[in-house]
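>>> model this:
(chains A and B)
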Amino acid sequence: MTEDRTPTSAPDWARVQLHIVSGKGGTGKTTVAAALALALASKGKHVLLCEVEGRQGIAQLFDVPPLPYEERRIAKGPDGGGDVYALAIDAESAMVEYLALYYRLGNRTSRALDRFGVIDFATTIAPGLRDVLLTGKLYEAVERNVRNKGARVYDAVVLDAPPTGRIAQFLNVNGEFGDLARVGTVRGQTERVMGLLKSRRTAVHLVTVLEDMPVQETIDGIADLTSHGMRVGGVVVNLTRPKSLGDEAREAALSGELPRDAIESDLQKIGVDVTPGLLDGLVEEARGHAERRQLEDEQRGRIDELGVPTYELQRLPDGVDLGGLYELAAELREQGMA
Amino acid sequence: MRARTSPRVGPLAARLGDCPELDVDALLDDRKTQVIVCTGSGGVGKTTTSAALALRAAERGRKVVVLTIDPARRLAQSMGIEKLDNVPRPVPGIDADAGGSLDAMMLDMKRTFDEVVESQASPEKAASILNNPFYVTLSSSFAGTQEYMAMEKLGQLRQDAGRTGRWDLIVVDTPPARSALDFLDAPERLSGFLDGRFIRLLLAPAKGPAKLMTTGVGMVTNTMAKVVGAQVLKDLQMFVAAFDTLFGGFRNRAQQTFQLLQTKETAFLVVAAPEADALREAAYFVERLDSEEMPLAGLVVNRATPALEGLSAEQAIAGAERLESAGGDAATTAGLLRLHADRIKRVNRENKMRERFQAAHPHVPTAVVPALSTDVHDLEGLRRVGELLAG
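Residues are numbered from 1 along each chain as shown, chains lettered A, B, ... in the order given. Here you go, the predicted model:
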């Protein structure tokens, strides 16, 4: 894949320890999060890739069995270089672990809590507590300390985060839950988490495709994150169309002025049996493509106006499999995202 | 992929093959069809499909109201519903020659919730609920509230339709969930919460049987108080006490709507894109409808790549390479061939995925809608999508 767009300013992501990857549903944020984790690992880093929505998207991408609440190595570089561990964080397990780490509550208490539906209640309903638990676990992974004995230490944590529409709310745990919990240890915890999330060590990346709605959501998401004091990292423009037609040819395709005779003779030269249907079909494909590219360019313009570092990943014709994922990771690295 | 809680439902042995075609017009024209629910995972074009179906039905003579959840701004504008006021409004510019009509609305989830509270509780009680911080979160951001309120609004529209005769078809778009199943599960989850043991426990001191106050309870409440602070528990207790008497009504309504969804008046359309994730969600949903005995009308596969037949990807690539290596000014032709090869590869992949779905679910009538080269943001665009849906 060739890509002539280089980020206007090359930001220093090296100090970022927590990469949060969000985006509208269907834009490929899981793929981008995984590619980013691989890209970081390819530079020799130890990376933890997390998901929090119970989708098991990471397991599917890497073609491994469903991930438990346990860090599993899913990719390793050659020569003892970097590696990627993966973790599916669920609120229930995070709560039990939290109580054990901070309250030394054993199994008996956990069982009692479970029996009275407290864990279920706390993790599904209590406003914002679910998010507090999920981000709390992330915090723990980034800030590994002595409480969690023998735990692996990572250079970077990448999160396949909830979608753009919910991301500011998800990360702004202090706001919603902090308002409810004015005291209590959770309060102290949320403040420490917010401290990390708002620091230069965290970057929130937004994935989009070049269509009106996802771009609008990206614009709204950036405004939302910024107003909550969170730092927007990069915008990853995903699934762009191939650029096999030059600007002139695109314009000709749009205005219906492609040189049909020349195309026909080119095709005959290489031994293609040219029927009128074939010629019409190719020209029609070119027109549809050019129309889409024009819309893409409009949307790309809106993204450029944001003044945020932008990375671009072309759509893989065969879909994303493991090989494709490595390709995307290389692309992100070359463009300077890792 | 969520963990499966039920076994797969399917033919167990089947070959890849053809599936019955979904006859959209027959579905829309059938007066017995009174509710159409469009479900599917996020980003597959549910809202556009719902709007296009509603418009087509209206222009074929049905009196239609369409409930959209989160339409693109320009689409909402073109339907005259950019104002979020929770009331169906007539859509301007439709062709009413066949005697139909089209109203549209956008769901305001918090307002719908507030209205239900207001209609069910005394003014003082309603006020105390509406101001409780737990209610505010529950009604504005609890995952599942949107689905619950979509069901509630559907129930209301249905009642209005029965009473006034203003509509004979309700088309419902469902919230953009990561999983299509959320639409069916979320109301139950909300009920489950408000009915749950923990809530009972919180109410227990006020209402009591004293025997509930065991050491276990003490431990639980003490722990919770330590973790979240005692004030939170107090707020919660107040909220639960106020909401408790109200909830019976809520639950009944959700139950009724759920039952409506099981009748033959309802038709579910599962919307997907020809991609692995979307089709997997579609498969879950199809199987779930089956086990709930809910009426599935068919599968809509949106955004299928249209492509010219008769020139394979390999031929096109080989041709492009020859033109490129020969030099000269054949760049445009080579570009066309590369473009075509890219399309054919995608078409092949999409077909393979659709065939797999069909092999596992051979009886699901399917409509395939080719991807448009432009965005849909006006009635003309919706009409075009409607035509493509009808085949």
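
>>> can you list the residues of the stretch 251-391 of chain B near chain A?
Neighbours of chain A within the stretch 251-391 of chain B, by C-beta under 8 Å from any C-beta of the partner chain: B:273, B:275-276, B:278, B:306-311, B:315, B:318-319, B:322-323, B:326, B:329-343, B:345-346, B:349, B:373-375, B:377. (C-beta placed from N, C-alpha, C; glycine too.)

>>> now do the helices in the stretch 51-200 of chain A.
For the stretch 51-200 of chain A, the helices defined by DSSP state H, counting those that start in this stretch occupy A:57-62, A:91-103, A:107-115, A:118-124, A:129-142, A:164-171, A:173-180, A:185-197.

>>> so the last one versus helix A:91-103, what angle?
Put plainly, it is helix A:185-197. Comparing the axes of helix A:185-197 and helix A:91-103 via axes from the mean of the first three to the mean of the last three C-alpha atoms, to 10 degrees yields an angle of 110 degrees.

>>> so which bits of stretch A:220-238 are buried?
Within stretch A:220-238, the residues that qualify as buried are A:221-222, A:224-225, A:228, A:230-238, counting by 16 or more other C-beta atoms under 10 Å in any protein chain shown.

>>> quick one: which of those residues is nearest residue A:257?
residue A:237 (29.4 Å; C-beta to C-beta).

>>> can you pull the contacts of the closest one?
Applying C-beta atoms under 8 Å, 6 or more residues apart in numbering or on different chains to residue A:237 gives the contacts A:208-210, A:300, A:303, A:310-313.

>>> adding distance to chain B, write those out as a markdown table.
Formatted as a markdown table, the contacts of residue A:237 follow (distance: C-beta to the nearest C-beta, whole Å):
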| residue | distance to chain B |
| --- | --- |
| A:208 | 11 |
| A:209 | 9 |
| A:210 | 11 |
| A:300 | 15 |
| A:303 | 16 |
| A:310 | 21 |
| A:311 | 20 |
| A:312 | 17 |
| A:313 | 15 |
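
>>> those residues into TSV, with extra columns for neighbour count and secondary structure?
Shown next, in TSV, are those (neighbours: other C-beta atoms under 10 Å in any protein chain shown; DSSP: H, G, I helix; E, B strand; the rest coil):
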residue	neighbour count	secondary structure
A:208	29	strand
A:209	23	coil
A:210	23	coil
A:300	18	helix
A:303	20	helix
A:310	20	strand
A:311	25	strand
A:312	22	strand
A:313	25	strand
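
>>> pLDDT of stretch B:255-268, averaged?
If you average the pLDDT over stretch B:255-268, you get 87.

>>> could you dump that stretch to CSV, C-alpha only?
C-alpha atoms of stretch B:255-268 as CSV (Å, rounded to 0.1, in the frame of the first residue of the first chain):
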residue,chain,number,x,y,z
GLN,B,255,-44.5,-7.2,28.7
GLN,B,256,-47.3,-6.2,26.4
THR,B,257,-45.0,-4.7,23.8
PHE,B,258,-42.9,-7.8,23.9
GLN,B,259,-46.0,-9.9,23.3
LEU,B,260,-47.0,-7.7,20.4
LEU,B,261,-43.6,-8.5,18.9
GLN,B,262,-44.6,-12.2,19.0
THR,B,263,-47.8,-11.8,17.0
LYS,B,264,-48.2,-12.2,13.3
GLU,B,265,-48.8,-8.5,13.0
THR,B,266,-45.1,-7.9,13.5
ALA,B,267,-42.4,-8.6,11.0
PHE,B,268,-38.7,-8.5,11.9
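
>>> how about the strands in the stretch 251-391 of chain B?
Using DSSP state E, counting those that start in this stretch, the strands assigned to the stretch 251-391 of chain B run over residues B:266-272, B:296-304, B:366-370.

>>> residues contacting the residue of the stretch 251-391 of chain B found nearest chain A?
As assessed by C-beta to the nearest C-beta, chain A sits closest to residue B:308 within the stretch 251-391 of chain B, at 3.0 Å. Residues counted as contacts of residue B:308 (C-beta under 8 Å, 6+ apart) are A:277-278, A:281-282, A:284-285, B:340, B:343.

>>> between those, which is closest to residue B:221?
Checking the contacts of residue B:308 one by one against residue B:221 (C-beta to C-beta), the nearest turns out to be residue B:343, at 62.5 Å.

>>> just give the nearest non-adjacent residue to that closest one, would you?
Leaving aside its sequence neighbours, residue B:343 sits nearest to residue B:307 (C-beta to C-beta, 6 or more residues apart in numbering or on different chains; 4.3 Å).

>>> coming back round to it: check the helices of the stretch 51-200 of chain A for me: which has the lowest mean pLDDT.
helix A:173-180 (a mean of 60).

>>> which of the helices of the stretch 51-200 of chain A sits closest to residue A:47?
In terms of C-beta to C-beta, the element of those nearest to residue A:47 is helix A:129-142, at 10.8 Å.

>>> now do the contacts for residue A:28.
So residue A:28 contacts A:207, A:209, A:238-239, A:320 (C-beta under 8 Å, 6+ apart).

>>> show me the residue of chain A that gets nearest to chain B, please.
The nearest approach of chain A to chain B comes at residue A:26, 2.2 Å away (C-beta to the nearest C-beta).

>>> burial check on residue 261, number of neighbours?
By default, I'm working from chain A. Per other C-beta atoms under 10 Å in any protein chain shown, the neighbour tally for residue A:261 reads 8.

>>> think we crossed wires, I meant chain B
Residues near residue B:261, counting by other C-beta under 10 Å: 21.

>>> in space, what's closest to it - neighbours in sequence excluded?
residue B:294 (5.8 Å).

>>> in JSON lines: the contacts of residue A:237, plus pLDDT and distance to residue A:252.
JSON lines is the format used below for the contacts of residue A:237 (pLDDT from 0 to 100; distance: C-beta to C-beta, whole Å):
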{"residue": "A:208", "pLDDT": "97", "distance to residue A:252": "29"}
{"residue": "A:209", "pLDDT": "94", "distance to residue A:252": "26"}
{"residue": "A:210", "pLDDT": "94", "distance to residue A:252": "22"}
{"residue": "A:300", "pLDDT": "96", "distance to residue A:252": "21"}
{"residue": "A:303", "pLDDT": "96", "distance to residue A:252": "27"}
{"residue": "A:310", "pLDDT": "96", "distance to residue A:252": "28"}
{"residue": "A:311", "pLDDT": "97", "distance to residue A:252": "30"}
{"residue": "A:312", "pLDDT": "96", "distance to residue A:252": "25"}
{"residue": "A:313", "pLDDT": "96", "distance to residue A:252": "28"}
